[in-house]
Structures are given as structure tokens and as C-alpha cells.
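# build me a model:
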Amino acid sequence: MLVFLTHATLLAGPLRPTAPISFFNDQDIAKALADFFQFAGPIGVSFFFVLSGFVLTWSATQGDPVTGFWRRRVLKIYPNHIVTWALAMWLFASSSPVHAWLPNLLLVHNFSNRPETVSSVNLPAWSLCSEVLFYALFPLFIVLVRRIAQRRLWLWAAAMVAGVAGVTLVTRFIPGGVPVPGYGLTTNQLWFSYGFPPPRLFEFVLGMILARIVAADLWPRIGLLPSAALFAGGYWVALAVPSPYNFSLATIVPVGMIICAAATSDLRGSRGWLSSRTMVWLGSVSFAFYLVQGLVIFYGRPEVFGARTYDTLPALGMLSVLFAANLLAAWLLFSLVEQPVMRRWSRSRKRPAPVAPRSTESVPAGGSV
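Numbering: from 1, shown residues only. Okay, the predicted model is just below:
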């Protein structure tokens, strides 16, 4: 939802710069919303990276073959990506050069700092490059994280936060590129601090370590409300500080707190609103909801409505329509592609050997990535 709000309140679309994405014709309101939600998307992506590390570590089982893990991750990401990539190529990206569309198809395009490659085809796919790198390295990371002594888990969690801070500090020394309006960074600095996959590994590994902290019952009793309040405070800090401090550093600690608080609440059997059928369903379609935004918002909004904007109340209604359209597209992608593929091929045809149950590793509800 955070990413949707960033995309849906843009003053100008990335595909048609002359056509706005925002529906508000009051420019004061439109600019205020664009400024307020500008960094909601980056923070939402950071949240997902930490959550990915947490959930995959929590659900990992001893003796699970590496090839089985990789197969499930490939089936989770690539079918949805290939479908949205093909639709984007058909609708608006057919003129993309091969050095842009081929790396995008393979999900390695953000290892390049060329803007035309980074921003190619279906724009939301950029974050999948970081996901793919993490999935490739996860079998190594899980071995290393499991070797950390319990008494040192908090130290290593702090080290991952320090790594996020270090990337932020180093960014200012990255040379080259041209200034990016609204960020105070060059294209190379924005790419390194936000899009380049290796620096994002700190967030994934932080999630892995937090999963071990919760499993070892080392997480203090800090509930969702205090964690959410701290997150709100971190968001206001993100609005006040310059880039790249607002991409993830300002909220990385409360993001981890929210994830751990939700997991411990589930372990205690608290069936709150996060465990409702609606929230579980929204979680199931969340990956598809993210991927189709390049088609529905960046292409569909200007294509259907052109540059038309509306008074405040009708604009809010149109924003709701855009959300519903994006949710419908996500449901179709999930129902017709992601879910059938995962049901058909995600499980090995070989009968797995019995594994002894682990006393500290019951998986929280809704814990699939």
C-alpha cells in the first residue's frame, strides 16, 4: 500500500512526463500529497526486504535441499514477472533496446547504472533484482546466521543496521551521474543507495537475524501499537532529512520492531486484525499487486484518463477506482498465473524424508513471501 500511494500521487508519470498520475487538480493538494508520500514507496520496499529475510528464515527447515528452495523462489517470482514484462513490452516498451529489455527479463538490470536499463520495461521489477540476489545467497546466509551464538544475535542485528547506515554515508562519495530532481542526488548516487542489489542485502540479513531473535524468545514485549508509533515517528524523520537517509535508514529499526511484534503476537495466539481473512488474502496477492502497478498506474492511468484531473472529492473517488483496478489486475495475475504455478510445481515430486519437529520454530500465520 505504501508503494501504491507513492506511485498514485506522482505529479508526472514516468512513461508520459506531460501526463500527471495524480488525479487532483488543486496543485497545492497534489504537491502536498506527492511530497508526503514520496518516500512511502522506498520505505515499503525496505519493509518487504526485511520481511523476506524474516519469513524465509522462520520457515526454513533443516535438510531442505538447496535446489528445492531455489525452485520455489524461481516459481514465485519469474512467472509473474514474465507475464507483466510481456504485457509491458506489448503495450509500451517495444522500442526498448536489447541492452535494456534483456537484463530486465533476466532480472539483472539493476546491476547496471545506465538509467535506460535501470528504468526499462516494467518499472516495479527493479526491486526483484535484489530479491533474486538474496535468494541466490540465502543457502549460504542461513548457514552463517544459524552459527551465530544467541548472546551475539543483538550485536549482529545492530551490525546490519550499521551496514544500512554505512551505505547511506558512502553514497555521497559515489562519483558521476547527473542530478536527479527532487532527491539532491546524482543518478549514480541514487542507483547505488537504492537500486544496486548488493547494498540491500543488509536489510534481508537483518530480517534473518530478527527471526532468530524471536525464535530464541529474546524479543522484548513491545507490542504493535508502540512499534507503529515509532514507525510513524521515523516516517516524519524521513520527511525531514535529505536523501538517501529517508530511503530506509530513518525507519529500519521500527520496521524490524513491527515485524517482530506481529510475529510474537501470533505466537502467543493473539488473533488480531492482521490475521483476518481479508488481510491474509491481501498478503497473498501483495506481490502481484506490486508488479502490476507499472501497467495499471504508469500506463493505464494516462492511457484511459489522459491529463484529466478533478476536484478534491471526485479525485479521491478516482484514486479509489485506481486502487480497485490495480487490485483486480493483481487478483487476475495471482489467480491465473502465480497460484496455479505454485500449486503445480513448487513441491518436489519426491517424497521428503521425515524431519524431526523443532521446538522453537512454529511458523506464524500468513507467513509466506
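
# ok, Pro244 to Val167 distance?
According to C-beta to C-beta, to the nearest Å, Pro244 and Val167 sit 8 Å apart. All C-beta spots, glycine's among them, are computed from the backbone N, C-alpha and C.

# which neighbours do the two have in common?
Both Pro244 and Val167 are contacted by Ser193, under the criterion C-beta atoms under 8 Å, 6 or more residues apart in numbering.

# could you look up the SS state of the spatially closest residue to Thr18 that is not a sequence neighbour?
Spatially, and ignoring its direct neighbours in sequence, Thr18 is nearest to Ala307 (7.1 Å; C-beta to C-beta, 6 or more residues apart in numbering). Using DSSP: H, G, I helix; E, B strand; the rest coil, the structure places Ala307 in coil.

# contacting residues around Ala307?
Counted by C-beta under 8 Å, 6+ apart, Ala307 has contacts 18-20.

# I'd like those residues written out as TSV, with secondary structure added.
Below are the contacts of Ala307 laid out as TSV (three-state DSSP):
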residue	secondary structure
Thr18	coil
Ala19	coil
Pro20	coil
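
# which among the residues you listed end up buried?
Among the contacts of Ala307, those buried by neighbour count (16 or more other C-beta atoms under 10 Å) are Pro20.

# quick one: least confident of the contacts of Ala307?
Ranked by pLDDT, those bottom out at Thr18, which has 70.

# quick one: the residue nearest to Thr18 and Ile297, what's the gap?
15 Å.

# where's the residue nearest to Thr186 when sequence neighbours are not counted relative to Leu106, distance?
Spatial nearest neighbour of Thr186, excluding adjacent residues (C-beta to C-beta, 6+ apart): Gly177 at 3.3 Å. Between Gly177 and Leu106 the distance is 24 Å, computed by C-beta to C-beta.

# so which of the two has more stuff around it?
Gly177 (16 against 12; other C-beta atoms under 10 Å).

# residues contacting the more buried one?
113, 186-191.

# tell me the contacts of the residue nearest to the spatial centre of the chain?
Centroid-nearest residue in the chain: Val45, 3.2 Å away (criterion: C-alpha atoms, centre = their mean). Applying C-beta under 8 Å, 6+ apart, we find Val45 in contact with 3, 127.

# any idea which element it lies in?
Using DSSP states H and E, Val45 maps to helix 40-59.

# can you point out the buried residues in the lowest-mean-pLDDT helix or strand in the chain?
Scoring the helices and strands of the chain by mean pLDDT, DSSP states H and E places helix 277-284 at the bottom, with a mean of 89. For helix 277-284, burial by neighbour count (16+ other C-beta under 10 Å) applies to 283-284.

# distance check, Leu140 against Ser127.
In terms of C-beta to C-beta, Leu140 sits 21 Å off from Ser127.

# quick one: which of the two has more around it?
Ser127 (25 against 10).

# and the more buried one, that's in a helix?
Yes. Secondary structure of Ser127 (three-state DSSP): part of a helix.

# report pLDDT for the residue lying closest to it once chain neighbours are set aside.
Counting by C-beta to C-beta, 6+ apart, Ser127 lies nearest to Val45, which is 5.3 Å off, once chain neighbours are set aside. The model reports Val45 with a pLDDT of 96.

# do the same with His7
95.

# check contacts around it.
21, 41, 293, 297-298.

# look up phi and psi at Tyr308.
I think there's a mix-up here, since residue 308 is Arg and not Tyr. In terms of degrees, to the nearest 10, the main-chain angles of Arg308 are phi -70, psi 140.

# quick check: the gap between it and Pro302.
With C-beta to C-beta as the criterion, Arg308 and Pro302 are 10 Å apart.

# kindly report the same for His109.
The separation that His109 has from Pro302, given C-beta to C-beta, amounts to 23 Å.

# more neighbours: the two, which one.
When His109 and Pro302 are compared for neighbours, His109 comes out ahead with 25 against 21, by other C-beta under 10 Å.

# surely that one meets Pro103?
Yes. Under the criterion of C-beta atoms under 8 Å, His109 makes contact with Pro103 at 3.8 Å.

# the closest residue to Arg146 other than its chain neighbours: which element?
Distance criterion C-beta to C-beta, 6+ apart; nearest residue to Arg146, sequence neighbours excluded, is Arg212 at 7.6 Å. Element membership for Arg212 (DSSP H and E) is helix 201-215.

# on contacts alone, who are the packing partners of that helix?
Counting contacts by 3 or more C-beta pairs under 8 Å, 6 or more residues apart in numbering; DSSP states H and E, helix 201-215 packs against helix 40-59, helix 126-146, helix 153-171, helix 252-267.

# out of those helices, which is closest to Ala232?
helix 252-267 (8.2 Å; C-beta to C-beta).

# roughly how far out does that closest one sit from the chain middle?
16 Å (C-alpha atoms, centre = their mean, to the nearest Å).

# same question for stretch 245-252.
Here stretch 245-252 is found 14 Å from its chain centre; the criterion is C-alpha atoms, centre = their mean.

# can I get the CA coordinates of it in CSV?
Below are the C-alpha coordinates for stretch 245-252, written out as CSV (Å, rounded to 0.1, in the frame of the first residue of the first chain):
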residue,chain,number,x,y,z
TYR,A,245,18.7,8.9,4.7
ASN,A,246,15.0,8.7,4.0
PHE,A,247,15.1,5.6,1.8
SER,A,248,15.4,3.1,4.7
LEU,A,249,17.7,4.3,7.5
ALA,A,250,15.1,6.6,9.2
THR,A,251,12.6,3.7,9.6
ILE,A,252,14.8,0.5,9.6
